[in-house]
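Colleague: Build me a model from this:
(one chain, ligands or ions: 2)
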Amino acid sequence: MKSSRIAPRKAPPRGFFCTACGGESPRWFGQCPVCSSWNTLVEAPAALGPAARGSRGGRGMRAGGGEGAGEGAARSGSGGARRRWVDSGLIPSPVPLRDVELSASARWPTGIRELDRVLGGGVVPGSLLLVGGDPGIGKSTLMLQLSRALAREGRKVLYVAGEESAPQVRLRAERLGAIPDALFLLCETEVESVLEQATQLRPDAVVVDSIQTAMTAEGTGAPGSVTQVRESALAYLDLAKGAGIPVFLVGHVTKDGAVAGPRVLEHMVDAVLYLEGERYHDVRVLRAAKNRFGSTDELGVFAMAEDGLREVDDASRAFLGESVPRPGAITVGVVEGARPLLVEVQALVTSSSFAQPQRVTNGFDSKRIALLLAVLEKRVGVRVSHGDVFTNVAGGLTLDEPGADLGVLLAVASSREDRLPTPGMIAFGEVGLAGEVRRVRQPASRVREAARLGFTVALVPQAQAAECEGFGVTIVPVSDARAALAAGLGPRRVAARGGAAVGAEGATEGPGEDGA
Ligand code: TYD
Ligand code: MG
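Modeller: Ligands and ions are numbered 1, 2, ... in the order given. You can find the predicted model right below:
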């Protein structure tokens, strides 16, 4: 409503937006076509807030459809406990921009370095954060550690447990170390009760574990339903903004990976952190899918130990395989945020017993893999179209950096042709459709990381070879995929496909035989 009044008259294009659900309409209606609330449409520039963007992307539309009426009522109604925070005189009024205090100092570092890195330096008061991840991955553990860290600084933290009983939470907390006095537990799922208690306790931070168990009278449906999740999150949004305290919402990713709960909330919150990893391995990666207060490039690396999540000082080591060369395993150098990381990528190519060969991809974008396989087949002449191809990133990491391309290509070719990679080698480079190896950002930092971890050879894009010198690593410049195979892989180990038999230990430091 405010924005329609202060927006410049001519700012095109304009649309009508529902103040209840954020739904967009091309013209004015008495009733919102998205959420069916009455008299909620206002005129505003088409590029509106995140709520509107969410619904234009289709997600909000679906989420709001049919169920949004409850939300409209809740937002425009006089409200229950939730409104109290807003009515408590904390509603902001306009201030001259130059009088705005810089809040950089208002960040609260948690002292958990890997977490601070992802948060962008610490917790921002008044922010609403979502922490998503598979069940059992360690979200509750991380939140409890965060709560402990804040409470140790003397900040009153309210941990709202909706999934576990009080003794269970205490047992877990004891594994993590001494329990600070300022850490409070509330086993409650009803949002109104939580807000009531929060009004009494006046905590400095709140953790809600989990938002899927939260239930509010303002919503309809069972806990975990879209309406309940959104309504509850809205209530906690009011708490965060009204009371100026950080609120952390824990959200499960559903089985099929279509983050039903967290996804609905992504546009509402200030930051979305995902905790990833393979359940039966100890490495956990925390990454920000969205962060209004920091970069989304940074990774936090943890290892799940007996006493909670430990920060991993040497992130690269967590993702490295054994140092013995194996066919199908290549170490790639990537840069995540400001940090170079060495990661082992693996591929397995087998002859397929299916009419349509399988492509199973873990940790890569499957379309990217399809593209790389096509390049390998067409530009290098390595036949993979009739085989099943499995690709994997060690440690459950997800790699979307193009610098990993060259490593994936080498890993697939290495497995397909049973050729050992050069010992002590890393590779990086983006691979183009013509098979050319293209530049990546920060090549030198990748080579420096390789040197630090004892690697001796680096396959790098030819155009960047000069930048990579000087670290005591042998630089092998490659201009295209074919040259990379020749330089990075040894001869075939067995004569399985009609070639001459070659010794298994035949991996060479220099260029091997032609891969075609
Ligand atoms: P949890 O935090 O409950 O996961 P989530 O909240 O994401 O569902 O963590 C569950 C797993 O972590 C469980 O298998 C036990 C393990 N764990 C440890 O290995 N060490 C610890 O110190 C703790 C607290 C948990
Ligand atoms: Mg949990």
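
Colleague: tell me which element V384 falls in.
Modeller: Assigned by DSSP states H and E, V384 belongs to no helix or strand.

Colleague: Can you give me the pLDDT of it?
Modeller: Listed pLDDT for V384 reads 93.

Colleague: Toward the C-terminus, what is the element adjacent to the strand ranked longest in the chain?
Modeller: Ranked by residue count and defined by DSSP state E, the top strand of the chain is strand 339-351. Where DSSP H and E defines the elements, the next helix or strand beyond strand 339-351 is strand 359-362.

Colleague: For that following strand, which helices and strands make contact with it?
Modeller: helix 366-375, strand 387-393 (3 or more Cβ pairs under 8 Å, 6 or more residues apart in numbering; DSSP states H and E). Glycine gets a C-beta too; all of them are placed from N, C-alpha and C.

Colleague: Pick the most buried one from these.
Modeller: Most buried of the helices and strands packed on strand 359-362, by mean neighbour count (mean count of other Cβ atoms under 10 Å): strand 387-393, with a mean of 21.

Colleague: For the chain, what lies in contact range of ligand 1?
Modeller: 133, 135-141, 172, 175, 304, 306-308 (Cβ under 6 Å from any ligand atom).

Colleague: Dump these into CSV; add pLDDT and secondary structure as well.
Modeller: Compiled in CSV, the residues of the chain next to ligand 1 are given as follows (pLDDT from 0 to 100; DSSP: H, G, I helix; E, B strand; the rest coil):
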residue, pLDDT, secondary structure
G133, 88, strand
P135, 88, coil
G136, 89, coil
I137, 92, coil
G138, 94, coil
K139, 95, helix
S140, 95, helix
T141, 96, helix
R172, 93, helix
R175, 93, helix
M304, 92, strand
E306, 92, coil
D307, 92, coil
G308, 93, strand
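
Colleague: Save those as JSON lines, and put in distance to V343 and neighbour count too.
Modeller: Shown next, in JSON lines, are these (distance: Cβ to Cβ, whole Å; neighbours: other Cβ atoms under 10 Å):
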{"residue": "G133", "distance to V343": "20", "neighbour count": "23"}
{"residue": "P135", "distance to V343": "25", "neighbour count": "13"}
{"residue": "G136", "distance to V343": "23", "neighbour count": "9"}
{"residue": "I137", "distance to V343": "19", "neighbour count": "22"}
{"residue": "G138", "distance to V343": "20", "neighbour count": "21"}
{"residue": "K139", "distance to V343": "23", "neighbour count": "25"}
{"residue": "S140", "distance to V343": "27", "neighbour count": "22"}
{"residue": "T141", "distance to V343": "24", "neighbour count": "20"}
{"residue": "R172", "distance to V343": "31", "neighbour count": "15"}
{"residue": "R175", "distance to V343": "29", "neighbour count": "12"}
{"residue": "M304", "distance to V343": "19", "neighbour count": "18"}
{"residue": "E306", "distance to V343": "26", "neighbour count": "6"}
{"residue": "D307", "distance to V343": "26", "neighbour count": "12"}
{"residue": "G308", "distance to V343": "24", "neighbour count": "20"}
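
Colleague: sorry, back to before: show me what the longest strand of the chain is packed against.
Modeller: Packed next to strand 339-351, using 3+ Cβ pairs under 8 Å, 6+ apart, are helix 315-318, strand 329-336, strand 387-393, helix 405-417, helix 443-452.

Colleague: which residues touch stretch 185-196?
Modeller: 80-82, 84-85, 158-162, 164-166, 169-170, 197, 206, 208, 213-217, 223, 231-232, 235-236, 239 (Cβ atoms under 8 Å, 6 or more residues apart in numbering).

Colleague: Can I get that stretch in PDB, CA atoms only?
Modeller: Extracted as PDB, the C-alpha positions of stretch 185-196 are listed here (Å, rounded to 0.1, in the frame of the first residue of the first chain):
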ATOM      1  CA  LEU A 185      14.100 -25.100  26.000                       C
ATOM      2  CA  LEU A 186      10.400 -25.100  25.100                       C
ATOM      3  CA  CYS A 187       8.800 -28.200  23.800                       C
ATOM      4  CA  GLU A 188       5.800 -26.700  22.000                       C
ATOM      5  CA  THR A 189       4.400 -26.800  18.500                       C
ATOM      6  CA  GLU A 190       1.700 -24.200  18.800                       C
ATOM      7  CA  VAL A 191       2.900 -20.900  17.500                       C
ATOM      8  CA  GLU A 192       0.700 -18.800  19.700                       C
ATOM      9  CA  SER A 193       2.000 -20.500  22.800                       C
ATOM     10  CA  VAL A 194       5.600 -20.000  21.700                       C
ATOM     11  CA  LEU A 195       5.000 -16.300  21.100                       C
ATOM     12  CA  GLU A 196       3.300 -16.000  24.500                       C
END
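
Colleague: Could you check how many residues crowd around the closest residue to T216 other than its chain neighbours?
Modeller: Spatial nearest neighbour of T216, excluding adjacent residues (Cβ to Cβ, 6 or more residues apart in numbering): V191 at 4.0 Å. Neighbour count of V191, defined by other Cβ atoms under 10 Å: 28.

Colleague: okay, V191: pLDDT?
Modeller: Taking V191 on its own, its pLDDT is 94.

Colleague: for G506, same thing?
Modeller: 37.

Colleague: K241 too?
Modeller: For K241, pLDDT reads 88.

Colleague: ditto for I6
Modeller: At I6, pLDDT is 48.

Colleague: circling back to that earlier point, which one of the helices and strands packed on strand 359-362 lies closest to R493?
Modeller: Closest approach to R493 among these (Cβ to Cβ): strand 387-393, 17.3 Å.

Colleague: which residues sit against that closest one?
Modeller: With Cβ under 8 Å, 6+ apart as the test, strand 387-393 has contacts from 319, 343-352, 354, 357-364, 369, 373, 399, 408, 411-412, 416.

Colleague: Hmm, D365 and D400 touching each other?
Modeller: Yes - counting by Cβ atoms under 8 Å, D400 does reach D365; the two are 6.1 Å apart.

Colleague: Which single residue of the stretch 151-300 of the chain ends up nearest ligand 1?
Modeller: Distance from ligand 1 to each residue of the stretch 151-300 of the chain (Cβ to the nearest ligand atom) is smallest for R175, at 4.3 Å.

Colleague: What distance do you get for the spatially closest residue to that residue that is not a sequence neighbour to R172?
Modeller: Nearest residue to R175 in three dimensions, chain neighbours excluded: D307, at 5.6 Å (Cβ to Cβ, 6+ apart). According to Cβ to Cβ, to the nearest Å, D307 and R172 sit 11 Å apart.

Colleague: can you check A217 too?
Modeller: For A217 relative to R172 (Cβ to Cβ), the value is 30 Å.

Colleague: Equivalent analysis for A370, please.
Modeller: Taken as Cβ to Cβ, the span from A370 to R172 is 42 Å.

Colleague: cool, and L299?
Modeller: 25 Å.

Colleague: again, but for L129
Modeller: When Cβ to Cβ is the yardstick, L129 and R172 sit 20 Å from each other.

Colleague: Point out where the chain drops to low pLDDT.
Modeller: 1-15, 17-24, 40, 42-92, 101-105, 254-263, 494-516 (pLDDT under 70).

Colleague: need the longest helix for it.
Modeller: Assignment by DSSP state H gives helix 226-243 as the longest helix of the chain.

Colleague: After that one, which helix or strand is next?
Modeller: Defined by DSSP H and E, the subsequent element after helix 226-243 is strand 247-252.

Colleague: Which elements pack onto that following strand?
Modeller: strand 128-133, helix 139-152, strand 205-209, helix 226-243, helix 260-265.
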